[in-house]
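In: Turn this into a model:
(chains A and B)
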Amino acid sequence: MPPTNPVVEIHELSKHYGEFIALDKLSLTLSRGSILGFIGPNGAGKTTTIRILVGLSRPTSGSAKIAGADCVRDISRVRRLVGYMPDKFGSYDNMRVREYLDFFGAAFGIPRGVRQKRIGEVLDLTNGTWMQDRYVESLSHGMQQRVGIARTLLHNPEVLILDEPANGLDPEARIEMRSILLRLAAEGRTLIVTSHILPELSRICDQVAIVAGGKLRAMGTLQEVTRELSQRRTMEIQLLNSEGIQDAAGRMRQFLEPEAEIDVSVTESIIRCRTAARDETLSELLVLLVKAGDRVAQFREVAGDLEEAFVSAARVAEAERSSQAPMVGRSRSEVLQ
Amino acid sequence: MSGCLVIIERELLALLRSARTQLIFLAVAIAFAIIVFLKWPTSGIVDLDGRKGRELFQWLTYAMFTAAILIVPVFPATSLVMEVRRRTLELLLNSPLSRTSIFFGKVLAMLGLVVLLLFSTVPAVACNLMMGGLSLTNDVLRMYAFLTLVCAELIVIGLLVGTFCRSSESALRWSYGVTFSLVVVPWVPDALFPGGTSPIAVAMQWLKVISPIPALMQMLNQSSVGGAGIIEQRDFVILYIAFAVLFILTGSLVCIQRLSHSLLDRSRSQGFITDDQSQWIRASRRVLFLVDPQRRSSGIPAFLNPVMVKEFQCRQFGRMHWLLRLVAACAVLSLLLTLASARGTESRGVEYTGALIIVLQVGLIVLLTPGLASAMIAGEMEGGSWNLLRVTPLSATRILSGKLISVIITLALLLCATLPGYAVIMLIKPTLQQQVAQVIICLVLAAVISMLISATVSSFFRTSAVATTVSYAILILLFGGTMLIWMNREAPFGYEFVQNALRLNPMAAALNAMQTEGFKSYDLIPSAWMISAGISGVLLIILYVRLYRLTRPD
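Out: Predicted coordinates for the structure are as follows:
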């Protein structure tokens, strides 16, 4: 179901570089105030989508809108609506953090008085006030990422697009980055975040979109996406006590497909299984266990693993690519050249 | 020794594999073939005294020397900086290789490249030998040995500069600057005050020893630059060799000393700011500094182009306190030139002094402009900030005007510094007023065309080092290449051809306006102005279109 009050609308967006298809009819919508984790393997089309959204690239076909502004025809409005942080910081030599932010503030036409106040606010929001007099090129990667976010916030954009904000950060900086992003979402901003650190994304995103081979493979909440893409699900069956737990496990092995992995934790009285069985089969399994006298206390599905969904999507894309003979063996960069 | 060989193999192979090196070899071979072709005797009469052969040899030697000065600094200057940036120096320093092996490996690899470069001139020199009048050992091999020594000095300069710089573009700029200071600057004071006996004049005469040019001229049996017929008693060749060897040894030692982990572990500024200091420090800094560089900036005012302010802030010497220092240095330079003009006109005549000032000014313009303008777009692309500019509401016009104005202001300061020199010339010979006005127009055009060439080149490259090198090459071709044609004005080029070539060069137009010997007979003004203005206009259009396209979605 499409979200109400969508702020980002992408409709059948395609981008071709010669014969190479970087994006293939990608469509998605995103509601205001949500955090979208935009993930996919390298060369999946994430950066291409982002570049189109911020007006750096023109789509071959399809449309993209941000808060109603068309990303091709209304670029100047889009630039004011979007705050973009690329994966490369874009440092200037001999500039202090405050001067760096002042320059970008002036570039967005913010009056000097308002600009100075705004710089203070964004530095405060990103916990960067203490480094305002440091030279940008002398900052560590984590500090630069914070300055990067501060820069994207200067003109108070509705949508923030952050390309790999947690890349190269140490665990402490990553926790801080997470809290900054959550704070921004709480302010009502819409965030599109790409990252390869999937556990990190799964902690902050309320929506996940997986792109592979230029196509959107899945989109929804974390659970929806993992269920859609994962070939196997993890079930936990907790018994009242460990008595007869091995027999129950044996019954499960006989009932489920041979590939199903079943682990028994006697101390926890839990049987964990990873299976490709569908809901109907699992329902029958529960009936079987109850009929056999196993005292089932809980029969639940464990939240899916984003990494598994990611790998699954990547495999599907790889299989598709392999079936396209002309493109086999040609990397994207080769095609672009 | 084996460590040294490992580095030589790696460096030399990497250099020889690059397309840039292949292109340089090809360009050098073609240029030398053209020189031989132009100077090859057309008549069937045998030249028994070997005058033609010696004349060609002089040409080939100067061409090789110019090629060495232009090409050699590029490789060592960028070598260490690139190693630091790519973090391969860490790997080298953490390997069992000693610092000495790394340094000498690099030097020898680059010398190997120089030898190969000199080899590419062998066919031309062989043709020259066939013309007669030359000795293989006393002329040819001696000249090759001398040029190899000059190149070794340039390599050490480049590597040494590389240990101080953080970007390849700044390393290139500084290498060319130091090379220019060592090669050209030392003979300028003596050319302005020739034949003096005062201690300062004698010191200036000795200063020439550090430049290879007087030694090279002595080897070719020519009188020194600006010698005005004064016979030099000193053996410049021996003196230069002694200086070069000493320089190479000292430079190598310093470079080896600096080639350590400290290159990778540069301290980060803690961001000292006056506003946060105690009242006493703030008060004292207010007294001591005309413009305190450590004061927190109050922000870019609305009436200024933010791109222009950013350009000044990013430039190493672009801050207000540095600009004031530049103004002060220009004022001192201006006073010196005024003095030189006054003294020079007594001994050499107004036109000679004026010509010397023109050549100096154009030399400075050619040296400084690529450093200011060739990274304006390529540098942004290299650093990843171009996309950030693209996602701001700044238009291509505003970006371009901001960037160009920042260069224009700096160049204008530089040009203004030399105006008092012309004022003295006009005072001595008031009839030159109109010529001086024409010279100033020519110099402004020289600055504008240099800036637009560098800026346009910058918009076609993604790395500032390549853009800087290409800009230097084009500017030297424009200002030096046309002078090369002028030097061949008697043969093979005819009057019309030389005049048309000189019309491309605003410096030649300035020399023509100053009625300098050798330029008087040409009719260059106003056609040279129109051509320069036309080229500048075309370049501006190309630059704008390019920038517009670069700011649009891909």
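In: Where do the helices of chain A begin and end?
Out: A:46-53, A:75-81, A:97-107, A:112-125, A:141-153, A:171-186, A:198-204, A:222-229, A:245-255, A:279-291, A:306-323, A:332-336 (DSSP state H).
In: List the contacts of the first one.
Out: Meaning helix A:46-53. Contacts of helix A:46-53 with the rest of the structure, by Cβ atoms under 8 Å, 6 or more residues apart in numbering or on different chains, involve A:8, A:10, A:13, A:15, A:22-23, A:26, A:38-40, A:57-59, A:64, A:66, A:71, A:78, A:82, A:84, A:87, A:161, A:163, A:192, A:194, A:211, A:214, B:553-554. C-beta here means a position set from N, CA and C on the backbone, and glycine is covered the same way.
In: Same check on the second one?
Out: Identification of contacts with helix A:75-81 by Cβ under 8 Å, 6+ apart yields A:53-55, A:66-67, A:69-71, A:108, A:155, A:157-159, B:391-393, B:553.
In: so residue B:152 sits right up against residue B:248, yeah?
Out: Yes: contact criterion Cβ atoms under 8 Å: residue B:152 and residue B:248 qualify, at 5.7 Å.
In: which one of these two has more residues nearby?
Out: residue B:152 (22 against 17; other Cβ atoms under 10 Å in any protein chain shown).
In: Mind telling me what element that one is part of?
Out: helix B:142-162 (DSSP states H and E).
In: centre of the chain versus the next helix or strand after that helix, how much separation?
Out: Per DSSP H and E, helix B:142-162 leads on to helix B:168-183 as the next helix or strand towards the C-terminus. When distances are taken as Cα atoms, centre = their mean, to the nearest Å, helix B:168-183 is centred 7 Å away from the chain's centroid.
In: Can you list the neighbours in contact with helix B:168-183?
Out: Counting contacts by Cβ under 8 Å, 6+ apart, the residues outside helix B:168-183 that touch it are B:69, B:73-74, B:76-78, B:80-82, B:85, B:153-154, B:157-158, B:161-162, B:164-165, B:210-213, B:316, B:363, B:367, B:370-371, B:374-375, B:379, B:463-465, B:467-469, B:472.
In: Equivalent analysis for stretch A:176-184, please.
Out: Contacting residues not belonging to stretch A:176-184 are listed as A:35, A:125-127, A:142, A:145-146, A:149, A:153, A:160, A:162, A:165-166, A:169, A:191, A:193, A:200, A:203-204 [Cβ under 8 Å, 6+ apart].
In: in the helix or strand hosting residue B:15, what's buried?
Out: Element membership for residue B:15, per DSSP H and E: helix B:2-17. By neighbour count on 16 or more other Cβ atoms under 10 Å in any protein chain shown, the buried set for helix B:2-17 is B:3-4, B:7-8, B:11-12, B:15.
In: low-confidence ranges in chain A?
Out: Counting by pLDDT under 70, chain A has low-confidence residues at A:1-4, A:230-231, A:303-304, A:323-337.
In: who's the residue sitting nearest the centre point of it bridged to?
Out: Nearest residue to the geometric centre of chain A (Cα atoms, centre = their mean): residue A:37, 1.9 Å. Here residue A:37 shows beta-bridge partners residue A:193, residue A:208, assigned using DSSP bridges.
In: Give me the distance between it and residue A:192.
Out: Using Cβ to Cβ, to the nearest Å, residue A:37 is found at 9 Å from residue A:192.
In: Repeat that for residue B:199.
Out: 73 Å.
In: give the contact list for the spatially closest residue to residue A:115 that is not a sequence neighbour.
Out: Excluding its sequence neighbours, the residue lying closest to residue A:115 (Cβ to Cβ, 6 or more residues apart in numbering or on different chains) is residue A:105, at 4.0 Å. Contacts here follow Cβ under 8 Å, 6+ apart; on that basis residue A:105 touches A:115, A:118-119, A:154-155, B:299.
In: and if you look at residue B:460?
Out: Residue B:460 makes contacts with B:467, B:546, as judged by Cβ under 8 Å, 6+ apart.
In: Which secondary structure state is assigned to it?
Out: coil (DSSP: H, G, I helix; E, B strand; the rest coil).
In: distance of it from chain A?
Out: 17 Å (Cβ to the nearest Cβ, to the nearest Å).
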